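Peer 1: starting from these lines, generate the structure:
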Amino acid sequence: MSRVVYFDCASGASGDMLLGAVVDLGLPVEELRAELARLPLSGYTLETSRVSRSGLAATKLDVVTGAPETKHRHLRHIVEILDGSTLAADVKQKATSLFQRLAEAESAVHGTSPEKVHFHEVGAVDSIVDIVGGVIALRWLGASRFVSSPLNVGTGTVTMSHGTFPVPPPATAKLVAGVPVYGAGEGELLTPTGALLVTSHATAYGALPPLSIESVGHGAGARDTPDRPNVLRLIVGEEGASAASERVLVLEAEIDDMLPQLYGPLLARLFDAGALDAYLTPVQMKKNRPGTLVTAIAPPGRRAAVEQVFFAETTTLGVRSQEWDRTTLEREVIAVETAYGTVGVKVGRRGGQVTNAQPEFEDCQRVASAAGVPVKEVWAAAIAAWRERPRNP
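Peer 2: The predicted structure is shown next:
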């Protein structure tokens, strides 16, 4: 069994809506305040209230600040704030990666580098609190994975510091590249902070997966709209016997004019960009030339980063992509003791039943090297130890 959180974004999403939904699920506001106090950031307060949105009770969370800030922060300023905090290491790392991703999206829109991007709205205190608070709140849920509905971006236009733009505005459109979206309802429903938090956590998009529902939280937006409850709904539940199904993006390019030495670094860069898998296949191309098909499998939200690696690290002029369904087993690594040393065994389960158990090959290599024996002997010993291990009653 694994805990799943489902983002129901029928009315879009924003950072404060997400925080309100997690507070609605039971996160104590004082605990959230205490965690955010680890940031060297002042000039704000958190306020919560119970409100009604089209007759549905929801939690409204507001990050209240004083006069609007006149200074604009660069990426390095926000990284300095995070580095100077006493946040948990994983929260600090996740928040930093989110701001880095936001800077990459903004830089692509404005034709500059991520380091030179001026964060306007998303560099203000309330947006920093929304993003860091969102990371803290979603961590508090203790989910094994996150799934999202298609994202409702809204319709019409939105006015920002750079002018008036159609919905979704440019940076938001970059953040949701490769993710299923649609437009319904009036105005901007998906904010940059909402897009960033949802797409950086969700690994699959679509209908609500089969769950045994534990709880439901509603985070209220600012307006009470007549056509639908203006809330972000979070559904928390346990996944049962069915194996986890998710959408993945498959990107590929055929290449016949690149130095073979460059393929090794290419694969490493693809994994660094968030690819779940990457591999090479020999192919026969036009003009009877031998070539290489480069394939990367990635979460839909990592499309832009993976595509960038294709264009930066290879000689290709184009990248094909399509979405596939991927079904995965529940996985864990169990350590077993052999005569040569400790080896991890990767175990796959479906519906609680073990379907695969394989020793971790790097462990086998390490232990074999230390013991001065063939790797195959350590591998066989690990399999035997797994089969002979004590079972829980």
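
Peer 1: need the nearest residue in space to residue 302, chain neighbours excluded.
Peer 2: Leaving aside its sequence neighbours, residue 302 sits nearest to residue 274 (CB to CB, 6 or more residues apart in numbering; 3.6 Å). No exception for glycine: its C-beta is placed from N, CA and C like everyone else's.

Peer 1: surely that neighbour is in contact with residue 307?
Peer 2: No - with contact defined as CB atoms under 8 Å, residue 274 does not count as touching residue 307 (11.2 Å).

Peer 1: returning to what we had before: SS state for the residue nearest to residue 302?
Peer 2: Put simply, residue 274 is coil when judged by DSSP: H, G, I helix; E, B strand; the rest coil.

Peer 1: so who does residue 358 touch?
Peer 2: For residue 358, the contact set (CB atoms under 8 Å, 6 or more residues apart in numbering) comprises 345, 346.

Peer 1: I misspoke; the intended subject was residue 61.
Peer 2: Neighbour list for residue 61: 16, 19, 20, 23, 29, 46, 47, 48, 219 [criterion: CB under 8 Å, 6+ apart].

Peer 1: so of those, which ones are in helices?
Peer 2: 16, 19, 20, 23, 29 (DSSP state H).

Peer 1: can you give me the neighbour number for the second one?
Peer 2: Which is residue 19. By other CB atoms under 10 Å, the residues close to residue 19 number 31.

Peer 1: from residue 350, how far off is it?
Peer 2: Distance of residue 19 to residue 350, computed by CB to CB, to the nearest Å: 36 Å.

Peer 1: got it, and the last one?
Peer 2: Taken as CB to CB, the spacing of residue 29 relative to residue 350 amounts to 40 Å.

Peer 1: kindly report the same for the fourth one.
Peer 2: Between residue 23 and residue 350 the distance, using CB to CB, works out to 35 Å.

Peer 1: give me the more crowded residue out of the two.
Peer 2: Shown here are residue 23 and residue 350; by other CB under 10 Å, residue 23 has more neighbours (23 against 16).

Peer 1: so that one is in contact with residue 29, correct?
Peer 2: Yes - at 5.9 Å, residue 23 counts as touching residue 29 under the criterion of CB under 8 Å.

Peer 1: hey, what's in contact with both of the two?
Peer 2: Between them, residue 23 and residue 29 share these contacting residues under CB under 8 Å, 6+ apart: 48, 61.

Peer 1: and the residue nearest to residue 302, what does it touch?
Peer 2: Contacts of residue 274 (CB under 8 Å, 6+ apart): 298, 299, 302, 305, 306.

Peer 1: how far out from the middle of the chain is the biggest helix by length in the chain?
Peer 2: Taking DSSP H as the criterion, the chain has its longest helix at helix 89-110. Distance, stretch centre to chain centre, for helix 89-110: 12 Å (CA atoms, centre = their mean, to the nearest Å).

Peer 1: over to stretch 140-149?
Peer 2: Its chain's C-alpha centre and that of stretch 140-149 lie 10 Å apart, by CA atoms, centre = their mean.

Peer 1: for the nearest residue to residue 291 once chain neighbours are set aside, give me phi and psi.
Peer 2: Once flanking residues are discounted, residue 291 sits nearest to residue 256: 3.5 Å by CB to CB, 6+ apart. For residue 256, the backbone dihedrals are phi -130, psi 10 (criterion: degrees, to the nearest 10).

Peer 1: right, and residue 256 touches residue 285 too?
Peer 2: Yes - between residue 256 and residue 285 there is a contact under CB under 8 Å: 4.9 Å.

Peer 1: stretch 166-178 spans what distance, first to last residue?
Peer 2: Stretch 166-178 has its terminal residues 19 Å apart, counting by CA to CA, to the nearest Å.

Peer 1: any regions of the stretch 201-350 of the chain where pLDDT drops low?
Peer 2: Scanning the stretch 201-350 of the chain for pLDDT under 70 picks out the ranges 240-245.

Peer 1: show me the strands in it, by range?
Peer 2: Using DSSP state E, counting those that start in this stretch, the strands of the stretch 201-350 of the chain run over residues 202-205, 212-220, 231-239, 244-255, 277-284, 290-298, 320-328, 330-337, 342-350.

Peer 1: parallel or antiparallel, list what pairs with the fifth one.
Peer 2: The reference is to strand 277-284. According to DSSP bridges, strand 277-284 has the following sheet partners: strand 290-298 (antiparallel).

Peer 1: I'd say residue 165 and residue 156 touch.
Peer 2: No - with contact defined as CB under 8 Å, residue 165 does not reach residue 156; the gap is 10.3 Å.

Peer 1: show me what contacts residue 98?
Peer 2: Listed by CB under 8 Å, 6+ apart, the contact set of residue 98 reads 131, 135, 196, 197, 200.

Peer 1: from those, pick the one nearest residue 233.
Peer 2: Set against residue 233, the nearest of these by CB to CB is residue 197 (14.7 Å).

Peer 1: circling back: show me what the next helix or strand after the longest helix of the chain is packed up against.
Peer 2: Following helix 89-110 in sequence order, the next helix or strand is helix 125-140 (DSSP states H and E). Under the contact criterion of 3 or more CB pairs under 8 Å, 6 or more residues apart in numbering; DSSP states H and E, helix 125-140 touches helix 15-24, helix 29-36, strand 44-53, strand 56-65, helix 75-83, helix 89-110, helix 192-201.

Peer 1: what residues sit buried inside the shortest one?
Peer 2: The one in question is helix 29-36. Neighbour counts over helix 29-36 (16 or more other CB atoms under 10 Å) mark 32, 35, 36 as buried.

Peer 1: excluding residues flanking it in the chain, which one is nearest the second one?
Peer 2: Of all residues beyond its chain neighbours, the one nearest residue 35 is residue 136 (4.8 Å), with distances taken as CB to CB, 6+ apart.

Peer 1: now do the contacts for the one you found.
Peer 2: 32, 35, 36, 87, 91.
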